[in-house]
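**Q** coords below, sequence missing:
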DNA sequence: CCCCTTTTTGCAACTAGTTGCAAAAACAGA
DNA sequence: TCTGTTTTTGCAACTAGTTGCAAAAAGGGG
């Protein structure tokens, strides 16, 4: 139950239409909470029905027409409640690690290529984050909100750094492995 | 579509009953692919129906009776196919980072406590992994399978290390933050 | 043997995310 | 203005994971 809160956060940062939200989820927010436009529209409907947000101009509510939403006090309150409430960490699921473990049993054939592909993707993502950091967090910007957002971005940067290093190491190991057979 | 493959991997490592699988998922495998016993039983049924696994002794197939499964050739083949097939990384979703971002807008009240709790959990998990490493991967063990499994465990260890460091840093930042209000 | 508890298996309903597709408005060119 | 394309919104069906609950067998006294 986090998508509605992701949307509330985004809308508090800036009132937006469904499409604008989708774009913002593809950019900054989606880095730690991704969502498709279908999900977003569905959730916007629910949030409006719950009285957490409302459509802004909405002269003629009809299909294909841009509708912007803003957060109502009830929505703010709900977001604050949710943020403060203690939550247990969700169990991780990592397909790549699972495949590696499977490879220990059925052989590593075909895996190295995909590891390289993932390595490239992580490098790309890392570069993108670093670009954002340079642009949005120049030294000196340290209002509380900035520090928090920077902290989150740092997590992204450091995680991508971690994965590029780990994948590099994994590929080195692969190079040393005898063949592509189980054992 | 990874749970069936996680189960196949586990069963290839060692034929097991549903309950034994559940226990193993709670331990090593669940560290990167968790599953409840309900999921596991459901999936065992499907895998058996698909001819990927079969029940071992099964004198009287009935409820409440231990049933052990082993992987059939078709199952092995499917696992090998899946392992070799290229897969796009799934988008991340991290509630804690989302809450931090939300806190930049609605205030940090109540968050620090939960950060500390998560820090403790990650430290605990890290200690557990390190214990496993010491037990299962003493220096010298370097058959290909061991190297691969060790690689996976290293990812777990390094990730937990990362999170403990990041959370520690985050808590330091919190300490410096003015109050718990939005801005 | 009977009763009570624990273990093991499993069904069913629900929640969240994904995929495929399409309608309504807006826009651009003839 | 008509026409075809693009943008924006959205429904519906499907897949995967979660939660609640319970039945069948096994095991342990009395």
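**A** That came through, no problem. The model shown is predicted, which means the values in this text are computed figures rather than measured ones. Residues are numbered from 1 along each chain as shown, chains lettered A, B, ... in the order given.
**Q** Report the spatially closest residue to residue A:174, excluding sequence-adjacent ones.
**A** Nearest residue to residue A:174, sequence neighbours excluded (CB to CB, 6 or more residues apart in numbering or on different chains): residue A:112, at 5.0 Å. Any C-beta I mention is one placed from the backbone N, CA and C, and that applies to glycine too.
**Q** neighbours of the closest residue to DNA strand D within chain A, just the number please.
**A** Relative to DNA strand D, the nearest point of chain A is residue A:19 (3.1 Å; CB to the nearest atom of the strand). By other CB atoms under 10 Å in any protein chain shown, 13 other residues sit near residue A:19.
**Q** show me the contacts for it.
**A** A:37, A:66 (CB atoms under 8 Å, 6 or more residues apart in numbering or on different chains).
**Q** list the buried ones in the longest helix along chain A?
**A** Longest helix in chain A by number of residues (criterion: DSSP state H): helix A:144-176. Using 16 or more other CB atoms under 10 Å in any protein chain shown as the test for burial, helix A:144-176 gives A:144-145, A:147-164, A:166-167, A:170, A:173-174.
**Q** Tell me how far the one helix or strand the residue of chain A closest to DNA strand D maps to lies from the chain's centre.
**A** Under the criterion of DSSP states H and E, residue A:19 resides in helix A:18-26. Offset of helix A:18-26 from its chain centre (CA atoms, centre = their mean, to the nearest Å): 12 Å.
**Q** What's the mean pLDDT across that helix?
**A** Taken as a whole, helix A:18-26 carries a mean pLDDT of 93.
**Q** Quick one: mean pLDDT over the helix or strand following that helix.
**A** Later in the chain than helix A:18-26, the nearest helix or strand by DSSP H and E is helix A:37-49. For helix A:37-49, mean pLDDT is 95.
**Q** ok, back up a step: ok, which of the buried residues of helix A:144-176 also contact DNA strand D?
**A** With the criterion set as CB under 7 Å from any atom of the strand, no member of those is near DNA strand D.
**Q** is it true that residue A:164 touches residue A:126?
**A** Yes: using CB atoms under 8 Å, residue A:164 is in contact with residue A:126, at 6.2 Å.
**Q** Report how many residues lie close to residue A:115.
**A** Neighbours of residue A:115 (other CB under 10 Å): 19.
**Q** Can you give me the pLDDT of it?
**A** At residue A:115, pLDDT is 96.
**Q** could you check the angle helix A:144-176 makes with the strand or helix carrying it?
**A** Following DSSP H and E, one finds residue A:115 within helix A:111-136. Counting by axes from the mean of the first three to the mean of the last three CA atoms, to 10 degrees, helix A:111-136 lies at 160 degrees to helix A:144-176.
**Q** other SSEs contacting helix A:111-136?
**A** If you count contacts as 3 or more CB pairs under 8 Å, 6 or more residues apart in numbering or on different chains; DSSP states H and E, helix A:111-136 packs onto helix A:95-106, helix A:144-176.
**Q** and with 10 Å instead?
**A** Secondary-structure packing of helix A:111-136 (3 or more CB pairs under 10 Å, 6 or more residues apart in numbering or on different chains; DSSP states H and E): helix A:95-106, helix A:144-176, helix B:73-84.
**Q** what pLDDT, on average, does the longest one get?
**A** In this model, helix A:144-176 has a mean pLDDT of 93.
**Q** before we move on, what about the first one?
**A** Averaging pLDDT along helix A:95-106 gives 95.
**Q** quick one, that helix and helix A:111-136 angle?
**A** 160 degrees.
**Q** So helix A:95-106, near chain B or not?
**A** Yes: for helix A:95-106, a contact with chain B is found by CB under 10 Å from any CB of the partner chain, at A:95-106.
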